[in-house]
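Chemist: whatever this is, show me its structure:
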Amino acid sequence: MKAGITVSGVGSAAAVPDRCVLTLGATTTARTVGEAMTSVNERVTAVLSALAEKGISGPDVRTSELTIWPDHDREGNQTGFRVRNIVRAEISDISSVGDVVAAATAAAGNMAEMQGIAFHLKDTGPVEAEARRLAWAAAQAKAENLASLAGVRLGAPVSIAESVGSSGGPMPRAKMMAIAEAAPVEAGSSEVRVEVQVRFALAG
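Modeler: Numbering: from 1, shown residues only. Take a look at the predicted model:
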């Protein structure tokens, strides 16, 4: 392998999220599957109506989970059935998230089950480009410093590889303080992190 210098550089950039994904629905137990399904379906229908009133419907809403399983007491005896119906709703108006959460959970009532809330960017391109620029600048500065310390001249890059990541998790950079009338929610920021590995040749 020809002589060269291999370095890595990391850059990150962030922006205010412009999308929110809310995952919630209803769950209950009853003596029969039919009774449980009827109760849950009524609540989820109410949730869907509440979402529609907030302008969230059509392709922005879909079922993410529908499960049925036997329910047992502590002694292991079957007492009935548990049914869960969860929907995933995408909210484009971040300022309305608190109101949407409050309306949807109120519609679900005591059967409400909220599985998560996540904020993200619809288009990560500009933020990713900025993170990449910073990562490249960091790698180049590091390579130039190493070349100076070694008493050699830095040549052109001969290989480049990158990896891209972003903040994640059920509530990335978000804080759900309460599920109540106000339902205060903070969207925070969505961050993209880029790491580049660059091999520079040495100038002759």
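Chemist: secondary structure element holding residue 36?
Modeler: helix 33-53 (DSSP states H and E).
Chemist: then residue 147?
Modeler: Assigned by DSSP H and E, residue 147 falls in helix 125-150.
Chemist: check contacts around residue 13.
Modeler: 127-128, 130-131, 134, 191-192 (Cβ atoms under 8 Å, 6 or more residues apart in numbering). Any C-beta I mention is one placed from the backbone N, CA and C, and that applies to glycine too.
Chemist: narrow these to those that are buried.
Modeler: 127-128, 130-131, 134, 191-192 (16 or more other Cβ atoms under 10 Å).
Chemist: for residue 157, state which of these is nearest.
Modeler: Using Cβ to Cβ, residue 134 comes nearest to residue 157 of these, at 16.5 Å.
Chemist: close enough to count as contact, that closest one and residue 128?
Modeler: No: Residue 134 is beyond contact range of residue 128, at 10.9 Å (criterion: Cβ atoms under 8 Å).
Chemist: overlap of the contact sets of those two?
Modeler: Counting by Cβ under 8 Å, 6+ apart, the residues touching both residue 134 and residue 128 are 13, 194.
Chemist: what's opposite residue 83 in the beta bridge?
Modeler: Residue 83 has these beta-bridge partners by DSSP bridges: residue 28, residue 68.
Chemist: quick one: it from residue 106, how far?
Modeler: 20 Å (Cβ to Cβ, to the nearest Å).
Chemist: when those two are compared, which one has more neighbours?
Modeler: Per other Cβ atoms under 10 Å, whichever of residue 83 and residue 106 has more neighbours is residue 83, with 25 against 16.
Chemist: residues contacting that one?
Modeler: The contact partners of residue 83, taken as Cβ under 8 Å, 6+ apart, are 27-30, 33, 36-37, 39-40, 67-68.
Chemist: show the buried residues in those.
Modeler: The neighbour count (16+ other Cβ under 10 Å) marks 27-30, 36-37, 39-40 as buried among these.
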